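Peer 1: got a sequence here, can you build the structure:
(chains A and B)
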Amino acid sequence: KNQVEQSPQSLIILEGKNCTLQCNYTVSPFSNLRWYKQDTGRGPVSLTIMTFSENTKSNGRYTATLDADTKQSSLHITASQLSDSASYICVVSGPDYKLSFGAGTTVTVRA
Amino acid sequence: NAGVTQTPKFQVLKTGQSMTLQCAQDMNHNSMYWYRQDPGMGLRLIYYSASEGTTDKGEVPNGYNVSRLNKREFSLRLESAAPSQTSVYFCASTRKLDWETYNEQFFGPGTRLTVL
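Peer 2: Reported below is the predicted structural model:
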C-alpha cells in the first residue's frame, strides 16, 4: 500500500480560480515533505519543501501547508493560470533513506 | 546549462531484446538516480548511485542493471525486456545523496519505453 495518498486524482478548474490539493501520508518518522509539478511529457520540478517543524511554505502562487500531527499536507494554487495545468506530486522523505511518491493529482485549468 | 539529459526519448522493444538508457548531468552532482513512472502509481526508485563508483538497488531493481560511467553519466540497462517494463523512465541527480540531507533533485525529460 502506498504510504502517500493524494486526492483528488484529477480536477478541472476555471482560469483565475483557486484550488487545493490534498496529501495524506503514513511515512513515519519523516524528515521532509515536498511538492513537485510535472508538466505533460516532462520530468518533475520541485515547488516546495517543508521539514517537520515547518507548517507553511510559499512559492509564488503556490502555498503548501503541513500538519505533522495529522500527517496531512495541502497545496493551494491561487488565481490559477493555464500554465498551471500539470500533475502535482507529493513526496515524503522518511526513514531508511527512502522517498515515497504519491501518484499525483492532475490539474486542468480551462479558459 | 542543459541540466539532466536522457536518450532516447522514445523506444519500442520486442520481448527479450536488450537496450541501454543513457543519462547525463552537467551540474557536477555527486548522486544520480533512475526511477520508473507507471500510470496511477508514484515514481519508484530502480537504482541509485550515491557517488562515482558506487551503485545500489532501490525499490524495484529486478530486470535492470546500471553503470555509473563517470561523475556525469549513469546508464540503465535492460538485458531481456519484458512487457512489465513498459513505463516512463526518469533519471535524476542531486548534489549529495538526497535523503541524507535535502538538496534539490533535478529530473531529466524521461524515456518512454514500450515493450511488445
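Peer 1: any low-confidence regions in chain B?
Peer 2: Low-confidence segments of chain B, defined by pLDDT under 70, span residues B:1, B:98-102.
Peer 1: so what's the residue positioned nearest the centre of it up against?
Peer 2: For chain B, the residue nearest the mean C-alpha position is B:W34 (2.5 Å; CA atoms, centre = their mean). B:W34 makes contact with B:21, B:23, B:45-48, B:58, B:64, B:66, B:74, B:76, B:89-91 under the criterion CB atoms under 8 Å, 6 or more residues apart in numbering or on different chains. Glycine gets a C-beta too; all of them are placed from N, C-alpha and C.
Peer 1: which one of those is nearest chain A?
Peer 2: Of all the contacts of B:W34, chain A sits closest to B:F90, with 5.3 Å by CB to the nearest CB.
Peer 1: and B:I46, how many residues sit next to it?
Peer 2: Applying other CB atoms under 10 Å in any protein chain shown, we find 24 residues neighbouring B:I46.
Peer 1: beta partners for B:M32?
Peer 2: In this entry, B:M32 is beta-bridged to B:S49, B:S93, by DSSP bridges.
Peer 1: go ahead and confirm it touches B:K96.
Peer 2: No: contact status for B:M32 versus B:K96: not in contact, 11.6 Å apart, counting by CB atoms under 8 Å.
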